[in-house]
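>>> structure for this input, please:
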Amino acid sequence: MTGVPASAAGGSSPAGAAGRASAVGSSKAGGSKAGGSKATGSKAAAGGSKTAGAEGGVPGGTKPARGGKIAAAAVNQASVWNVANLLTMLRLVLVPAFVALMLADGGYDPAWRSLAWAAFAIAMITDLFDGHLARTYNLVTDFGKIADPIADKAIMGAALICLSALGDLPWWVTGVILGRELGITLLRFIVIRYGVIPASRGGKLKTLTQGVAVGMYILALTGWLATLRWWVMAAAVVLTVVTGLDYVRQAIVLRRQGIAERKAALEETEA
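Numbers count the residues shown, from 1 in each chain. Alright, predicted model coming up:
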């Protein structure tokens, strides 16, 4: 029988044993290095993801959200100080200034009455612009919704009361105009659950006529201008009453429609 080579028989020779040992050792070393590289890679990837998450704000999503809320609150707070609201605030400031000018030196000095007319005219002009600016440039705020009608009623009411107190305007005229304004404002709040009563063209014409008439009474006019202002005020009173009745009609219709819609919705829900 011929002899079998030592490498095929199991490597009994020292060279074969050393070769196998070196092969196994190299494979173990390679495996440990590969495992180490994998571990290192996973750690690096994990670290990279954490870093990216921290920078991108993905894991800590609550922090950007909280920051967003704070920023939104700051924007809302800053939006109160827009041009439309500043004009409304100016009208509110002009009310006591107007009263002081109107009653200065007994209330009959032409120079002081002219200054009072200037304050009243500025207030009425800003009333025309602030609402337009708020609607055009999306500057409508809760403050403006509340303060704007208050400023309108305040300057007009102050002028009417001062004129009646000085004997230039009958008290019944002041009572009719102020009663209508306060009554319609209260009516709007009563029917607000059913909808909003829009401002009509007649209401805008009424406001303009009232402003012109009161402005003419504030000035110390004589002659035919004094007669003209009486007719302008008469027209303002008529428009005040007519538009007031129209707002009452709109409120009644709006309330009936709202009740009918709620009833229909309730019946549909029950069915």
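>>> got any ranges where the chain has weak pLDDT?
For the chain, the stretches with pLDDT under 70 are 1-79.
>>> could you pull out the helices for it?
14-56, 62-79, 83-102, 110-136, 142-165, 171-190, 201-218, 224-270 (DSSP state H).
>>> let me see the contact set for D168.
D168 makes contacts with Y217, as judged by Cβ atoms under 8 Å, 6 or more residues apart in numbering. Heads up, the C-betas are built off the backbone N, CA and C, glycines and all.
>>> give me the nearest residue to G258, chain neighbours excluded.
The shortest distance from G258 to any non-neighbouring residue, by Cβ to Cβ, 6 or more residues apart in numbering, is to Y194 (2.9 Å).
>>> residues near K263, how many?
10 (other Cβ atoms under 10 Å).
>>> actually L90, not the one I wrote
Neighbours of L90 using other Cβ under 10 Å come to 14.
>>> I'd say it and M124 touch.
No. L90 is beyond contact range of M124, at 11.9 Å (criterion: Cβ atoms under 8 Å).
>>> give the contact list for A104.
A104 is in contact with 112, 116, counting by Cβ under 8 Å, 6+ apart.
>>> which non-adjacent residue is nearest N82?
In this structure, N82 finds its nearest non-sequential neighbour in L139, 4.4 Å apart by Cβ to Cβ, 6+ apart.
>>> report how many residues lie close to that neighbour.
By other Cβ under 10 Å, the residues close to L139 number 17.
>>> do I have it right that it meets L87?
No. Between L139 and L87 no contact is recorded; they are 10.4 Å apart, counting by Cβ under 8 Å.
>>> tell me, what's touching the two both at once?
Residues touching both L139 and L87 (Cβ under 8 Å, 6+ apart) are L133.
>>> how close does V99 get to V237?
As defined by Cβ to Cβ, to the nearest Å, V99 lies at a distance of 23 Å from V237.
>>> same check on V214?
Separation of V214 from V237 (Cβ to Cβ): 11 Å.
>>> more crowded one of those two?
The neighbour count for V214 versus V237, taken as other Cβ under 10 Å, is higher for V214 (24 against 19).
>>> which non-adjacent residue is nearest the more buried one?
Leaving aside its sequence neighbours, V214 sits nearest to A159 (Cβ to Cβ, 6+ apart; 4.9 Å).
>>> ok, L239 next?
K206 (4.0 Å).
>>> one more: Y247?
Nearest one to Y247, counting by Cβ to Cβ, 6+ apart, is I184 at 5.0 Å.
>>> test my guess that that neighbour contacts G244.
Yes. In this structure, I184 is within contact of G244 by Cβ under 8 Å, at 6.0 Å.
>>> how many residues are close by the residue nearest to L239?
K206 has 24 neighbours, counted by other Cβ under 10 Å.
>>> check A235 too.
16.
>>> now for it: which residues touch it?
A235 is in contact with 209, 213, counting by Cβ under 8 Å, 6+ apart.
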